[in-house]
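1. please work out how this folds:
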Amino acid sequence: MRPPARPPLWEVFTVLSILLAMLVIVLLAGLIVLYVAYPHRGEDVPHTPWVGEAMRKGVNMLPTLDNQSDEQKYQSRERVDQHR
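-> Numbering: from 1, shown residues only. Coordinates of the predicted model:
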């Protein structure tokens, strides 16, 4: 009987790169869930308050978009409702 053939090296790197990408995606998703569960609501992360502080600092540095146009900011509530 012949021993099983070894896969080519490029196939091994392809599989490892996919596994690494999936690990990074899962870690990023976990950080997002952790942020939404605690610091976003104003609470400290249990057992590791420094994580919540670091997340708040990072989020405060990111640019944000306002969900209202300049006209809507300064109009009365009745006038905004008329345009719907």
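2. buried sites along the host helix or strand of Glu11?
-> Counting by DSSP states H and E, the element that carries Glu11 is helix 9-37. Neighbour counts over helix 9-37 (16 or more other C-beta atoms under 10 Å) mark Leu34, Tyr35 as buried. Every C-beta, even on glycine, is put in place using the N, C-alpha and C of the backbone.
3. so what does that helix touch, helix or strand wise?
-> Secondary structure elements in contact with helix 9-37, counted by 3 or more C-beta pairs under 8 Å, 6 or more residues apart in numbering; DSSP states H and E, are helix 49-61.
4. what angle separates the helix it packs on from helix 9-37?
-> Interaxial angle of helix 49-61 relative to helix 9-37 (axes from the mean of the first three to the mean of the last three C-alpha atoms, to 10 degrees): 90 degrees.
5. need the pLDDT of the residue nearest in space to the middle of the chain.
-> Geometric centre of the chain, nearest residue: Ile32, 4.3 Å, by C-alpha atoms, centre = their mean. Per-residue pLDDT puts Ile32 at 87.
6. against Leu62, how distant is the nearest residue to Pro39 once chain neighbours are set aside?
-> For Pro39, the nearest residue in space outside its immediate sequence neighbours is Gly52; the separation is 4.2 Å by C-beta to C-beta, 6 or more residues apart in numbering. Taken as C-beta to C-beta, to the nearest Å, the spacing of Gly52 relative to Leu62 amounts to 16 Å.
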